[in-house]
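[1] build me a model:
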Amino acid sequence: MKHKHFTMTLKSFQWRVIVSPFKIAAFFAAAFAFSAPAFADPPSGEQHRGWSREQGKNVEEWHKTMCANRYAHSVGRLAELETKLNPTEKQKGLWSQWRQVKVASLAESRDSCLEFTPRPDVHPTILERQALFEKRLTAKLHAIQTERPVLQALYDSLSAEQKSILDRFQAVHGRDHWDGAHKHR
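    Here you go, the predicted model:
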């Protein structure tokens, strides 16, 4: 049986590959064996996004936990930002005002998240998704408009270094961490 030889060169390294019918057959057999589970039917039982009812979790519990965790994460980010900014005594009052408005906005976002009840076996229609999206955008716009005057007063009181920290923090962590939007990076 005659084997074919291929030579591959990569910069200063050179490999010689011998291709035989056995190697080709072994390659395709391995590829098929490892891809077969992907073509298999999904396991029976009720399951939604990785949470199975057998594990004692359901979609509603998962959703409530996600809403609460998102809120806690965002409030924790505010604490992290406060530590990084290290506000002066004069700035602490403005920081507290802005933080209060921000936390209230985050709480409203959490409560709105909790109002939504996911249905494991029924997907929302395009009209329902658009209505939900519109509600979230309207709430976000209201939160920005409410926050802007207090944030402006705080920002004006910051030093150039503190402004840089706040700007960078917002750019790195993005608005999605602040308002709790579903965005996976």
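[2] how confident is the prediction for residue 104, by pLDDT?
    On the pLDDT scale, residue 104 is placed at 95.
[3] longest helix in this structure, by number of residues?
    Taking DSSP state H as the criterion, the chain has its longest helix at helix 126-157.
[4] all helices for this structure, in order.
    So, for the chain - with DSSP H - the helices run 21-39, 59-85, 89-115, 126-157, 160-179.
[5] for the fourth one, name the packing helices and strands.
    It stands for helix 126-157. Helix 126-157 sits against helix 89-115, helix 160-179, with contacts defined as 3 or more Cβ pairs under 8 Å, 6 or more residues apart in numbering; DSSP states H and E. All C-beta atoms are positioned from the backbone trio N, CA, C, and that covers glycine.
[6] residue 172: how many residues sit nearby?
    Neighbourhood size, residue 172 [other Cβ atoms under 10 Å]: 8.
[7] ok, it to residue 137 distance?
    As judged by Cβ to Cβ, to the nearest Å, residue 172 and residue 137 stand 24 Å apart.
[8] for the longest helix of the chain, what is the average pLDDT?
    On average, helix 126-157 scores 93.
[9] could you check the angle it makes with helix 89-115?
    Angle, helix 126-157 to helix 89-115, by axes from the mean of the first three to the mean of the last three Cα atoms, to 10 degrees: 170 degrees.
[10] any stretches of the protein with poor pLDDT?
    Counting by pLDDT under 70, the chain has low-confidence residues at 1-23, 27-28, 31-57, 173-185.
[11] rerun at 50
    Scanning the chain with the threshold set as pLDDT under 50 gives 45-48, 51-56, 176-185.
[12] per the record, what domains does it have?
    1-36, 58-179 (automatic domain parsing).
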